[in-house]
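Colleague: Need coordinates for the below:
(one chain, ligands or ions: 1)
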Amino acid sequence: MSIIIPILPAAATLQPEGAAAGSAAADGAARKLNIRVLRFDPRRPEVAPHWQTYVLDDAAGMTLFIALSEIRERLDPSLQFDFVCRAGICGSCAMLVNGRPALACRTLTKNLESSFTLAPLPVFELIGDLSVNTGKWMRGMSERLQTWVHQQESNPDLTRLEARMEPELAEQIYELDRCIECGCCVSACGTARMREDFVGAVGLNKIARFRLDPRDTRSDDDFYEIVGDDEGVFGCMSLLGCHDVCPKQLPLQTQIAFVRRKMVAMGWK
Ligand code: FES
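Modeller: Just a heads-up that it's a prediction; the model follows:
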């Protein structure tokens, strides 16, 4: 979601209007937030990337999403950032908070120092300011890894009842399906920063998920064909960045290690 309006002068410092100060005072939170945002619009390459500082009153329960919305509504409508759900579900609002990937809607300002920086996620195509095109990257990864259930029947019987699944197995699949494709793991990954085609923890997590699914008729050989190289599971350097920053606390490193062991075994066949 982007608004295209001329960018304000670099390093401008803006004071909020009285309404925000009033709400903060009512909550007893009087400290000022100095929010430094890295700004750049690729459609205006003549304006170099620069930091812009906004000053806001902190408030009880304020998230970065609320702070950014307040900036955009009352101080600077040209600021670009993404959000949809505001509840840690859609994955749209991921950004670097003090250099670390996180969801803006799940980050409380009270857990940050009064001065902090916000920057767009690296690796992904920049749309503008804090907005990046994770969808394009995820779509490319998904098509490459074919992240859907594969069945060999050419004419499946659509009237057939769904196959039963053991609750424990369904639970394991559900656990891996909790990924919201926010891109935090990709941005925190050393390999993804160096190797453009690396599928990242999000991709390997999907392979682990479909490998578990008994409805998917692909064999381990098939999965090896897809991720058994340096752009797949052997590109991972086990730095654990993905595991550390995943906002859904998915067991990413465990899954990558498991898939790698399976793929090594396949390669030795
Ligand atoms: S707005 Fe959906 S995850 Fe933050």
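Colleague: Residue 169: what's it in contact with?
Modeller: For residue 169, the contacting residues are 212, 214, by C-beta atoms under 8 Å, 6 or more residues apart in numbering. Bear in mind the C-beta positions are built from the backbone N, C-alpha and C, glycine included.
Colleague: host element of it?
Modeller: Here residue 169 is covered by helix 167-177, with elements defined by DSSP states H and E.
Colleague: Determine how far that helix lies from the middle of the whole chain.
Modeller: Its chain's C-alpha centre lies 22 Å from the corresponding centre of helix 167-177 when counted by C-alpha atoms, centre = their mean, to the nearest Å.
Colleague: Packing partners of the helix or strand following it?
Modeller: For helix 167-177, the following helix or strand on the C-terminal side (DSSP H and E) is helix 184-187. Helix 184-187 is packed against strand 94-97, strand 100-103, helix 200-212, helix 241-245, with contacts defined by 3 or more C-beta pairs under 8 Å, 6 or more residues apart in numbering; DSSP states H and E.
Colleague: of all those, which lies closest to residue 68?
Modeller: In this view, the helices and strands packed on helix 184-187 are compared for proximity to residue 68 by C-beta to C-beta, and strand 94-97 is the closest at 9.0 Å.
Colleague: how distant is that closest one from the center of its chain?
Modeller: Using C-alpha atoms, centre = their mean, the offset of strand 94-97 from its chain centre is 8 Å.
Colleague: what's it in contact with?
Modeller: Outside of strand 94-97, the residues that reach it under the criterion C-beta under 8 Å, 6+ apart are 64, 81, 101-104, 107, 112, 116-122, 130, 134, 182-184, 187, 247.
Colleague: near the ligand, from these?
Modeller: residue 103 (C-beta under 6 Å from any ligand atom).
Colleague: Just the buried residues of the contacts of strand 94-97.
Modeller: Buried subset of the contacts of strand 94-97 (neighbour count, 16 or more other C-beta atoms under 10 Å): 64, 81, 101-104, 107, 112, 116-122, 130, 134, 182-184, 187, 247.
Colleague: how many other residues sit next to residue 33?
Modeller: Residue 33 is flanked by 22 other residues according to other C-beta atoms under 10 Å.
Colleague: ok, which stretches of the protein are helices?
Modeller: 18-26, 64-70, 134-145, 167-177, 184-187, 190-194, 200-212, 220-227, 241-245, 252-267 (DSSP state H).
Colleague: buried set for the helix holding residue 169?
Modeller: Result for helix 167-177 [16+ other C-beta under 10 Å]: buried residues 173, 176.
Colleague: Mind checking the pLDDT average for that helix?
Modeller: Helix 167-177 shows a mean pLDDT of 94 in the predicted model.
Colleague: Tell me the confidence at the residue lying closest to residue 89 once chain neighbours are set aside?
Modeller: Take residue 89 and drop its neighbours on the chain: the residue closest to it by C-beta to C-beta, 6 or more residues apart in numbering is residue 180, 6.2 Å away. The predicted local confidence for residue 180 comes out at a pLDDT of 97.
Colleague: Likewise for the one 3 residues further on?
Modeller: Per-residue confidence (pLDDT) for residue 183: 97.
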